[in-house]
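A.B. asks: here are the coordinates; sequence isn't available:
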């Protein structure tokens, strides 16, 4: 019997990916979305409540923190997210999605519950770091599991909707302020502690549902545990048939053959991400960093804008967050379907560029002093209706365009970058530009910088984005284990986009790569080859017929291997 994380030394051939992608939407998928998607709600609650209780924590009747200590607590939460994403992201790829999405939820529940019992700054700071680590780990584990369990034709809208629920959490957190920070209802030192327990309470309600979710069958395949993967998919299919749903048969021509391997060394991981997938890495960096800069710059300073330039008191600022959060929530929910129909490249690039233009126009109007607090908020709602869909699509992009063996680690890496760029640089820069609220030109400059960065991210997506809509994950990024590569082999880890490239036979003494190749699963429902929803698709870009990303860099612009000129040709040259 295999143990979790253990890799079996034999080839695995299976139709599991095709069977998962041809499933109709069912109660199983609702359970996945509900149990796993709660992460974003919890993070929205956390960030919002941390902001609303900041002033309360400075009161000597509570913890009596200084302003710098309050700010440091917020920074430690973000630093914990980075640490948790990187640590638990690697473990997610190594020991499985299910073990980690249970562990990370437990870490978050423990850290946040303990924060409510803080008696001094050191304890408060330590527990904020632990809570952040749990949420950071959740992002890596949850995005991986959702993408691998949801059928290809629903993956875009599902990811966007789930990521957008962060703003549902923000609305819950803002509403909690009116109840728990009301001194007529709770004492000054009790209300903020109860507010911090809202997230753990919701997490405890979700825990039983999450415990009954299965491991990702796709992850099981890459670890040689084909029988477990088959059993899980067969159970999902049985539940669907029990509801009267007719499932189309899946032929052997949709099978994929894998040669399971161990966890990649860090050197080999870097080689895959930065060499074989360097264009995709550039796309992910651009999308994640620019949206994080825009979001954190505006969200962490909107209260300062309202107070310093429009004279809104701190006690009424919370009312303005509701329409702001509503626009953020509706964007992914209403636009998500078009990321699966119109396509990723157009919708991702379009929402980025449109949000950038709208922000620039808003900044110009702000600089002209023609806006009121109400019209400023309305414009923010419109901007972030599109920007929220754009930001959610960045997480979607990162989670679907890398091979399954490194998916969680890729998510963790780019998430960490976005937190460091957006959570550290952007709020500090915008707060500095706002200053004492006397110079609108400085704020307009900040809006312009954020607009240019967002527009740049959209252009990168238009140029090098991946058309992943309705395509199986194996078609978007071929698993490294399809080629049976040996980690650390001198021939290099070149799975995925360049795995079709012919290479010279290895010199004697080197590890020999397997020549087995599996047919990629076509997006949509499985069906007859070559037709709508067919089971086999070549590994090529559907728009221009060429292989994606680094393949044309390796083989030449037209896909042919360059050869050295002959002696006669050199003489003629």
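C.D. replies: Arrived safely. What you see is a predicted model; the values in this text were computed from it and never measured. Residues are numbered from 1 along each chain as shown.

A.B. asks: For the stretch 101-250 of the chain, which segments count as helices?
C.D. replies: 121-149, 155-164, 166-180, 191-196, 198-211, 217-222, 226-242 (DSSP state H, counting those that start in this stretch).

A.B. asks: Tell me which other helices or strands the second one touches.
C.D. replies: Under the contact criterion of 3 or more C-beta pairs under 8 Å, 6 or more residues apart in numbering; DSSP states H and E, the helices and strands touching helix 155-164 comprise helix 27-52, helix 121-149, helix 317-341, helix 373-400. Bear in mind the C-beta positions are built from the backbone N, C-alpha and C, glycine included.

A.B. asks: and residue 161, how many neighbours?
C.D. replies: Residue 161 is flanked by 21 other residues according to other C-beta atoms under 10 Å.

A.B. asks: And residue 60, by the same measure?
C.D. replies: Residues lying near residue 60 (other C-beta under 10 Å) number 8.

A.B. asks: Need phi/psi at it.
C.D. replies: Dihedral pair for residue 60: phi -70, psi -10, per degrees, to the nearest 10.

A.B. asks: From residue 328, how far out is it?
C.D. replies: 36 Å (C-beta to C-beta, to the nearest Å).

A.B. asks: So residue 264, which state does it fall into?
C.D. replies: At residue 264 the chain is in coil, as set by DSSP: H, G, I helix; E, B strand; the rest coil.

A.B. asks: my guess is it contacts residue 407, does it?
C.D. replies: No: using C-beta atoms under 8 Å, residue 264 makes no contact with residue 407, being 11.9 Å away.

A.B. asks: For these two, indicate the residue with more neighbours.
C.D. replies: Counted by other C-beta under 10 Å, residue 264 and residue 407 do not tie: residue 407 has more neighbours, with 30 against 24.

A.B. asks: element containing the more buried one?
C.D. replies: Following DSSP states H and E, one finds residue 407 within helix 407-420.

A.B. asks: Show me the contact partners of that helix.
C.D. replies: 78, 81-82, 85-86, 88-90, 92-93, 97, 100, 136, 139-141, 143-144, 147-148, 269, 273, 284-285, 288-289, 291-292, 394-395, 398-399, 402 (C-beta atoms under 8 Å, 6 or more residues apart in numbering).

A.B. asks: which residues sit in contact with residue 304?
C.D. replies: Contacts of residue 304 by C-beta under 8 Å, 6+ apart are 431, 434, 437.

A.B. asks: what's the answer for residue 320, then?
C.D. replies: Neighbouring residues of residue 320 by C-beta under 8 Å, 6+ apart: 302, 306, 312, 373, 377.

A.B. asks: Secondary structure class of the second one, three-state.
C.D. replies: The assignment at residue 306 comes out as helix when based on three-state DSSP.

A.B. asks: Can you give me the distance of it to residue 330?
C.D. replies: In terms of C-beta to C-beta, residue 306 sits 22 Å off from residue 330.

A.B. asks: Ok, the last one next?
C.D. replies: Applying C-beta to C-beta, one obtains 15 Å for the distance of residue 377 from residue 330.

A.B. asks: So residue 295 is in contact with residue 423, correct?
C.D. replies: No: using C-beta under 8 Å, residue 295 is not in contact with residue 423; the gap is 9.6 Å.

A.B. asks: and the closest residue to residue 293 other than its chain neighbours, what does it touch?
C.D. replies: Leaving out its chain neighbours, the residue that sits closest to residue 293 by C-beta to C-beta, 6 or more residues apart in numbering is residue 426, at 4.6 Å. Contact partners of residue 426, counting by C-beta under 8 Å, 6+ apart, are 292, 293, 294, 295, 296, 297, 300, 450.

A.B. asks: Please report how far residue 426 lies from residue 446.
C.D. replies: Residue 426 is 9 Å from residue 446, where distance means C-beta to C-beta.

A.B. asks: Overlap in contacts, these two.
C.D. replies: residue 297.

A.B. asks: what distance separates stretch 242-251 from the centre of its chain?
C.D. replies: 31 Å (C-alpha atoms, centre = their mean, to the nearest Å).

A.B. asks: Would you mark the buried spots in that stretch?
C.D. replies: Residues 250, 251 are the ones in stretch 242-251 that count as buried (16 or more other C-beta atoms under 10 Å).

A.B. asks: and of the contacts of residue 320, the nearest to residue 188?
C.D. replies: Of all these, residue 312 has the smallest distance to residue 188: 23.4 Å, by C-beta to C-beta.

A.B. asks: any idea whether that closest one is helix, strand or coil?
C.D. replies: Counting by three-state DSSP, the backbone at residue 312 sits in coil.

A.B. asks: Please verify my assumption that it contacts residue 302.
C.D. replies: No: look at residue 312 against residue 302 with C-beta under 8 Å: they stay out of range, at 10.1 Å.

A.B. asks: what's near enough to touch the most centrally placed residue in the chain?
C.D. replies: Nearest residue to the geometric centre of the chain (C-alpha atoms, centre = their mean): residue 395, 2.9 Å. By C-beta under 8 Å, 6+ apart, the residues touching residue 395 are 139, 143, 159, 163, 288, 411, 415.

A.B. asks: okay if I get these as CSV plus distance to residue 67?
C.D. replies: Output for these, formatted as CSV (distance: C-beta to C-beta, whole Å):
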residue, distance to residue 67
139, 29
143, 35
159, 38
163, 32
288, 30
411, 34
415, 28
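
A.B. asks: low pLDDT regions in the protein?
C.D. replies: For the chain, the stretches flagged by pLDDT under 70 are 1-9, 314-315, 483-573.

A.B. asks: and the nearest residue to residue 203 once chain neighbours are set aside, what is it in contact with?
C.D. replies: Sequence neighbours aside, residue 109 is the residue nearest to residue 203 in space, at 4.9 Å (criterion: C-beta to C-beta, 6+ apart). Contact analysis of residue 109 by C-beta under 8 Å, 6+ apart lists 134, 200, 203, 204, 207.

A.B. asks: Only the buried subset of those, as a PyMOL command please.
C.D. replies: This is how PyMOL selects the buried members of those, with burial counted by 16+ other C-beta under 10 Å:
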select buried, resi 134+200+203
